[in-house]
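[1] Need a 3D model of the following:
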Amino acid sequence: MIARVEVQPGRYHDSVRLMQASKVLQELPGIADALVAMGTELNLSLLADMGFDADAAAGAGPNDLLLAVRAENDQVMEAARLALEAALSAKPVASGGLDGPEPRTVGSVAARSDANVALLSMPGEHVFVEAMDALDAGLHVMIFSDNVPLEQEIALKAAASNRGLLVMGPDCGTAIVGGVGLGFANAMQPGPVGIVGASGTGIQELCCLLDDADVGVTHALGTGSRDLSESVGAVSTLQALSALDTHPPTELIVVISKPPAASVAARVRGAAAACSTPTVVTFMGETTIEEGAAEVLMRLGVPEPAYRSWDSGGGPVRQGTIRGLFSGGTLRDEARFIAMAEVGEVGTVETADGHCFVDYGDDEYTKGRAHPMIDQTVRLDRLAAAADDATIGVILMDVVLGYGANPDPASELTPMIQRATDAGAAVVVSLCGTRGDPQGRDEQAAALNGAGASVWLSNAAAAREAVRVFAATNGGTT
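    Numbers count the residues shown, from 1 in each chain. Below is the predicted model of the structure:
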């Protein structure tokens, strides 16, 4: 094998293009390893973990392209170079029927179409100008990008409110508008429930539990993870709540969020109580998404199903702590709250001692690389490490399906899950997906289960199962 590391200064590509390029290389015959990413601190660390010469990338920064390939010989390396250049330079096929030169601004697109929503996904430091351009053109805005300065979010939402427009985001990963999924979204049937969520995976989990009970949605409006902070003041949440309240097809509204600031929570509860449409408020730490879904179904007169699970049957489990490897922040928080009630403190950073649940979809881990729902590289690395760590007895993780997510996450995860279970660790999976998702929910569940994982449709149920296994193996000790 030969290995090469190259840095191309100032050559920026978005995370989706980088993920696609990495997959092109990894699928070439004769390629053992490949990393195509921006030169962030995390990616430089990953380079070293993969056994490449980290010194060759010394001085690389977040705006520099990092290329690392391990190949059988020089011919394969040259083929990889050509394939990589083709993947990075390929232009998307034109579509949409717009005549003339390609528009260069959001405003010019709006002037030539009947769109009323702009979806922005670009490096966070460049979002503000484009978002203001969209608002000036009379468009609602969904900002998928993260790492947007807080003061810019506040300014954008104030400007939108003054124009009677809605800003979903920044860091808005999920929305469903008129049946169309934006960002990460699951395949949902139409129905009577409208959702307002300061959490992308929270919206997805709720959608999946409702879908399992044959209940659909009108709209699911994301607001961005910071919207219910004291600084932002729930501007988008209150606007979205008001919009759904005046939407006749919406018969019931759900507001879902990670723990909000206390004063903001009171404001949202007050607005929910004032709605003419029945409204359910679900704040993590006070209740679970499963309990929120149960209240929705009860109010609609729909029996709550026994949410699906695929149990591994399980063999002997080694003693040790619980390690949570999550791609969804709300799913991580929900599982953590459940676990802490039984086992005590659960850390949230990788260096924490004892029980530890980490959100690999956090901004810290997504700078210069695709979200872990798309690119599982970082989580696969951490799953392998947990499998080999004799101090970890239970591994709890989420697998999120739907549009925009990895097309076949189980195929990448099953070898590492088998490695963990063969080593004596228990693996518990929270599978967030609907029956209509393109990955095939039940097929994904069967594959994960076949590798030895216990698989649960409800994230709360998965967390309870992880705690149960830990207690049974460790004599109920914390």
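
[2] which SS state does the residue nearest to L42 when sequence neighbours are not counted fall under?
    Distance criterion CB to CB, 6 or more residues apart in numbering; nearest residue to L42, sequence neighbours excluded, is Y365 at 5.9 Å. For glycine as for every other residue, the C-beta is placed from the backbone atoms N, C-alpha and C. The three-state assignment at Y365 reads helix, by DSSP: H, G, I helix; E, B strand; the rest coil.

[3] Can we start the residue count at 744 from this point?
    Got it, the first residue is 744 from now on, which makes the last one we talked about Y1108.

[4] Correct me if wrong: Y1108 contacts D1118.
    No: under the criterion of CB atoms under 8 Å, Y1108 makes no contact with D1118, lying 10.4 Å away.

[5] The spatially most central residue of the chain and T1091, how far apart?
    Using CA atoms, centre = their mean, the residue of the chain that lies closest to the mean C-alpha position is G1071, 4.7 Å off. Counting by CB to CB, to the nearest Å, the separation of G1071 from T1091 is 14 Å.

[6] who touches both of these two?
    Common contacts of G1071 and T1091, defined by CB atoms under 8 Å, 6 or more residues apart in numbering, comprise D1102.

[7] the strands in the stretch 794-943 of the chain, which residues?
    For the stretch 794-943 of the chain, the strands defined by DSSP state E, counting those that start in this stretch cover 808-814, 860-863, 883-886, 910-911, 917-920, 923-926, 933-940.

[8] Can you lay out the ones you listed as JSON lines showing mean neighbour count?
    Converted to JSON lines, those look like this (neighbours: other CB atoms under 10 Å):
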{"stretch": "strand 808-814", "mean neighbour count": "23"}
{"stretch": "strand 860-863", "mean neighbour count": "20"}
{"stretch": "strand 883-886", "mean neighbour count": "26"}
{"stretch": "strand 910-911", "mean neighbour count": "28"}
{"stretch": "strand 917-920", "mean neighbour count": "26"}
{"stretch": "strand 923-926", "mean neighbour count": "19"}
{"stretch": "strand 933-940", "mean neighbour count": "24"}
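
[9] Out of the ones you listed, the one nearest V1198 is which?
    strand 917-920 (21.8 Å; CB to CB).

[10] follow-up on the earlier one: dump the strands of the stretch 794-943 of the chain to JSON lines, plus mean pLDDT.
    Below are these laid out as JSON lines (pLDDT from 0 to 100):
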{"stretch": "strand 808-814", "mean pLDDT": "93"}
{"stretch": "strand 860-863", "mean pLDDT": "93"}
{"stretch": "strand 883-886", "mean pLDDT": "96"}
{"stretch": "strand 910-911", "mean pLDDT": "97"}
{"stretch": "strand 917-920", "mean pLDDT": "95"}
{"stretch": "strand 923-926", "mean pLDDT": "92"}
{"stretch": "strand 933-940", "mean pLDDT": "97"}
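
[11] among the ones you listed, which is nearest L1123?
    Closest among these, once you apply CB to CB, is strand 808-814, at 16.2 Å.

[12] and the residue lying closest to R1112 once chain neighbours are set aside, which of the three is it?
    The shortest distance from R1112 to any non-neighbouring residue, by CB to CB, 6+ apart, is to A780 (5.0 Å). At A780 the chain is in strand, as set by three-state DSSP.

[13] Roughly how far does A780 sit from S1070?
    Counting by CB to CB, the gap from A780 to S1070 is 17 Å.

[14] number of nearby residues for S974?
    For S974, the neighbour count with other CB atoms under 10 Å is 12.

[15] distance of the residue found closest to it once you drop the neighbours it is linked to in the chain from S851?
    In space, and not counting its chain neighbours, S974 is closest to L893: 6.0 Å by CB to CB, 6+ apart. Separation of L893 from S851 (CB to CB): 29 Å.

[16] okay, the residue lying closest to P772 once chain neighbours are set aside: pLDDT?
    Counting by CB to CB, 6+ apart, V819 is the residue found nearest to P772 once chain neighbours are left out, at 7.3 Å. pLDDT, V819: 92.

[17] so A780 makes contact with N786?
    Yes: in this structure, A780 is within contact of N786 by CB under 8 Å, at 4.2 Å.

[18] hey, what's in contact with both of those two?
    In contact with both A780 and N786: L809, G1111, R1112, using CB under 8 Å, 6+ apart.

[19] Looking at the residues you listed, which is nearest D776?
    Using CB to CB, the shared contacts of A780 and N786 come closest to D776 at L809, 13.3 Å.

[20] what's near enough to touch the closest one?
    Under the contact definition (CB under 8 Å, 6+ apart), the residues listed for L809 are 748-750, 778-782, 786-787, 790, 800, 803.

[21] separation between it and N890?
    L809 is 18 Å from N890, by CB to CB.
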